[in-house]
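**Student:** Structure here, sequence nowhere to be found:
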């Protein structure tokens, strides 16, 4: 529903030849499908050992399914309804019909003519369909190898970060607000820049973190195009002052993006917020099935904490033990909801996932990690760069929220006049090269 006179712009789409959306659908998505097919084939012997001939036949059928899907994508065939019986199948097929109703001249919904956000999400759901239709390999994670590899290749950076966290928490004895803010800012920015480690953007190539994340923060500061960190801090501090001592601290919801090093940066931020009393509870939200190559699932979340606990490095292991304790005590919790793996813009949430929206309304601060969440927050539309972030949210106002995002798609709002044009003249690919970032905050108006 439009709330003011500014017309909502059209969705980004591969129908605009030469656009980033076009290049993604033409080049990157087929590359990802090819790697998925290769991963399934390389696991043929494992499927045989676990499931016998039935596993090998399932592998062949899944590869055939995905090869056909790749051909449909590359030749701009109409997208097809899902045929599995998962709990989200009806929602996907209903959304496809919604897309069909919006197509010009009754053209069929297709890979290069429909919104980029929709077809990219659809591809990952079709990968899941290929597995669901072929038991007994239905729960195989085609992206697990890459996620595991980036975790182990980022070990040095993880050790740096865990050591820094433990040293900060050990040395903080009644810190003043300025000291607390300085540490908060560092951990928030580490979580922000952890978002550079995104395997869907590199089409599965190595994207691990190998250097000290703390030492590089000052040199990265100038690449933060919008920095509302002060407002995020103010939101947390307001809660400190408005609650009874025993209820001190906020409920923070962290909408996760990537597994590997980025997840560690999010866990470290969650640890800091709870340990210093800025948060009384942190709820982590992940995906219910493998998604966008490196996104966090429940299995990834649990595996990461187990691996951290099992580290032979004292400080890293201490972090893992603490995180396990937070989960056991209910201070931390993990949640997933099928809406996170649907293609909807987040402004659809009050209607299409009213239960999730109601749950998020109970939050004091929602941190949305990464590029896909930003695309869904803003509808992945061709907004002018100066359009306020609040306007681009189109009524999605569950609670105070903040996007922590490194730019990897050509949508960016909330810039000062002329800033976007200046960046374009200096670096034409500034919105997609992962070099720049934003910390964008929005607080819904208080109800009277």
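**Tutor:** Now that the structure is in, tell me what you want to look at. Treat the numbers as computed from the prediction; the structure is a model and nothing was measured. Numbers count the residues shown, from 1 in each chain.
**Student:** Check for me that residue 182 belongs to a helix.
**Tutor:** Yes. Per DSSP: H, G, I helix; E, B strand; the rest coil, residue 182 lies within a helix segment.
**Student:** Just give me the neighbour total for it.
**Tutor:** 11 (other C-beta atoms under 10 Å). All C-beta spots, glycine's among them, are computed from the backbone N, C-alpha and C.
**Student:** where does it land on pLDDT?
**Tutor:** Reading off the confidence values, residue 182 has pLDDT 96.
**Student:** tell me the contacts of it?
**Tutor:** Taking C-beta atoms under 8 Å, 6 or more residues apart in numbering as the definition of contact, residue 182 has no neighbours.
**Student:** Please report the distance of it from residue 172.
**Tutor:** Remark: distance between residue 182 and residue 172 (C-beta to C-beta, to the nearest Å) = 11 Å.
**Student:** Can you give me the buried ones in stretch 390-402?
**Tutor:** Using 16 or more other C-beta atoms under 10 Å as the test for burial, stretch 390-402 gives 390, 391, 392, 393, 394, 396, 397, 398, 399, 400, 401, 402.
**Student:** Can you tell me which of the residues you listed end up in helices?
**Tutor:** Among these, the members falling in helices (DSSP state H) are 390, 391, 392.
**Student:** need the strands for the stretch 151-300 of the chain, in chain order.
**Tutor:** For the stretch 151-300 of the chain, applying DSSP state E, counting those that start in this stretch gives strands covering 224-227, 250-255, 279-286.
**Student:** Looking at those strands, spot the one closest to residue 215.
**Tutor:** Closest to residue 215 of the strands of the stretch 151-300 of the chain, according to C-beta to C-beta: strand 224-227, at 16.8 Å.
**Student:** List the neighbouring strands of that closest one plus their orientation.
**Tutor:** strand 437-442 (parallel) (DSSP bridges).
**Student:** ok, and what's touching the partner strand?
**Tutor:** 188-189, 192-193, 195, 220, 223-229, 231-232, 235, 374, 389-390, 393, 397, 400-407, 412, 414.
**Student:** Tell me where the stretch 151-300 of the chain has helices.
**Tutor:** Per DSSP state H, counting those that start in this stretch, the stretch 151-300 of the chain carries helices over the ranges 155-171, 177-194, 217-220, 229-242, 261-275, 298-309.
**Student:** Just put those in TSV and tack on distance to residue 103.
**Tutor:** Below are those laid out as TSV (distance: least, C-beta to C-beta, whole Å):
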stretch	distance to residue 103
helix 155-171	46
helix 177-194	37
helix 217-220	42
helix 229-242	40
helix 261-275	36
helix 298-309	36
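**Student:** Confidence-wise, which of those helices is weakest overall?
**Tutor:** Minimum mean pLDDT among these: helix 229-242, a mean of 87.
**Student:** mind listing what's buried in that one?
**Tutor:** Per 16+ other C-beta under 10 Å, helix 229-242 contains these buried residues: 229, 232, 233, 235, 236, 237, 239.
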